[in-house]
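Chemist: Return a 3D structure for these sequence lines:
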Amino acid sequence: MSEDFESHRCQSGFSSPSDGAGEVPDDPKDWVQVTRWRRAERVRLRGERQEVSVADRQAVGAALAGHLRDLLDDRFGGAHGRVFSAYWPIKGEPDLRPLMTELHHSGVIVALPLVETKAAPLTFRRWTPDTRMVRGDWNIPVPPPDAPLVTPEIALAPVMGWTREGYRLGYGGGYFDRTLAALQPRPFVIGIGVNSAELPTICPQPHDIPLDIILSETGVQGAKDTV
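Modeler: Numbering: from 1, shown residues only. Purely as a prediction, here's the structure:
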């Protein structure tokens, strides 16, 4: 699917499939409108996510871990010996930390992203179950400065919202897009989200980079090769 078609969907006035969603901007090139709409969608989606019960969050995390394990087995032979960037869950994100431990013990080099320079690409440091974490940007636990720097071959990207074309609605800081634009070679990127966070579009802008695959609690949902 082309980006021109995605822009046409913005102009057509689609709204998000979830109840209470605001209307998508009429003009996808109006950055002021798009920014305002994205901000409102983040608030809505974050509110919905925070309302999910602990038991349901655990079930979603377990389901996602199973699908991710299968994906790594099918596409990367289990990813043994490869650098795999995960994430430390915040704000109700699916918790994949048990899988991180499992992958480490199976021979995967697990890393975590962190902000070491404001408004710059993320850096990645190795993580193990024995790593003594420190507080990073936004008080997110991260590996300490003496943890080895690595370059991911496979990376997870938690999503606030997602589209079938692989586009991601994040938290609005722009760090992940800057990182993908800077990394050479670019890692295979897997968006981690939930079915209820699907959007018809994010009105993609030039700086928005589609992810390789979107994975939810029911499996693969979208991919950039449909763009």
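
Chemist: Which parts of the protein are helices?
Modeler: 3-11, 31-50, 54-76, 97-105, 175-182 (DSSP state H).

Chemist: Take these and write them to TSV, including distance to Pro200, mean pLDDT and mean neighbour count.
Modeler: All C-beta atoms are positioned from the backbone trio N, CA, C, and that covers glycine. Below are the helices of the chain laid out as TSV (distance: least, CB to CB, whole Å; pLDDT from 0 to 100; neighbours: other CB atoms under 10 Å):
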stretch	distance to Pro200	mean pLDDT	mean neighbour count
helix 3-11	6	42	16
helix 31-50	11	92	15
helix 54-76	22	96	15
helix 97-105	30	98	17
helix 175-182	20	89	18
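
Chemist: Can you say which of those helices is nearest to Glu23?
Modeler: Set against Glu23 and scored by CB to CB, these come closest in helix 31-50, at 7.8 Å.

Chemist: Now do the closest one and helix 54-76, the angle between them.
Modeler: 110 degrees (axes from the mean of the first three to the mean of the last three CA atoms, to 10 degrees).

Chemist: ok, back up a step: out of the helices of the chain, flag the one nearest Ile90.
Modeler: Using CB to CB, the nearest of the helices of the chain to Ile90 is helix 31-50, at 10.8 Å.

Chemist: For that closest one, C-alpha coordinates in CSV please.
Modeler: What follows is helix 31-50, C-alpha atoms only, in CSV (Å, rounded to 0.1, in the frame of the first residue of the first chain):
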residue,chain,number,x,y,z
TRP,A,31,1.2,19.2,11.0
VAL,A,32,-0.6,21.3,13.6
GLN,A,33,-3.8,19.3,13.1
VAL,A,34,-2.0,15.9,12.9
THR,A,35,0.0,16.7,16.1
ARG,A,36,-3.2,17.7,18.0
TRP,A,37,-5.0,14.6,16.9
ARG,A,38,-2.0,12.3,17.7
ARG,A,39,-1.8,13.8,21.2
ALA,A,40,-5.5,13.2,21.8
GLU,A,41,-5.1,9.6,20.6
ARG,A,42,-2.2,9.0,22.9
VAL,A,43,-4.3,10.2,25.9
ARG,A,44,-7.2,8.0,24.8
LEU,A,45,-5.2,4.9,24.2
ARG,A,46,-3.2,5.3,27.4
GLY,A,47,-6.4,5.7,29.4
GLU,A,48,-7.8,2.5,27.8
ARG,A,49,-4.6,0.6,28.6
GLN,A,50,-4.5,1.7,32.2
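
Chemist: still on that earlier bit, now the helices of the chain as CSV including distance to Trp127?
Modeler: Shown next, in CSV, are the helices of the chain (distance: least, CB to CB, whole Å):
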stretch, distance to Trp127
helix 3-11, 35
helix 31-50, 24
helix 54-76, 16
helix 97-105, 7
helix 175-182, 17
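
Chemist: which one of those helices lies closest to Gly219?
Modeler: When these are compared by CB to CB, helix 54-76 sits nearest Gly219, at 5.1 Å.

Chemist: Tell me what angle the closest one forms with helix 97-105.
Modeler: Interaxial angle of helix 54-76 relative to helix 97-105 (the same axes, to 10 degrees): 30 degrees.

Chemist: what does helix 54-76 rub up against?
Modeler: Residues outside helix 54-76 that contact it (CB atoms under 8 Å, 6 or more residues apart in numbering) are 52, 78-79, 82, 84, 92, 94-96, 98-99, 102-103, 108, 154, 156, 188, 190, 192, 194, 213, 215-220.

Chemist: For Arg126, which residues count as its bridge partners?
Modeler: Ala111 (DSSP bridges).

Chemist: got a list of what it touches?
Modeler: For Arg126, the contact set (CB under 8 Å, 6+ apart) comprises 109-111, 143, 147-150.
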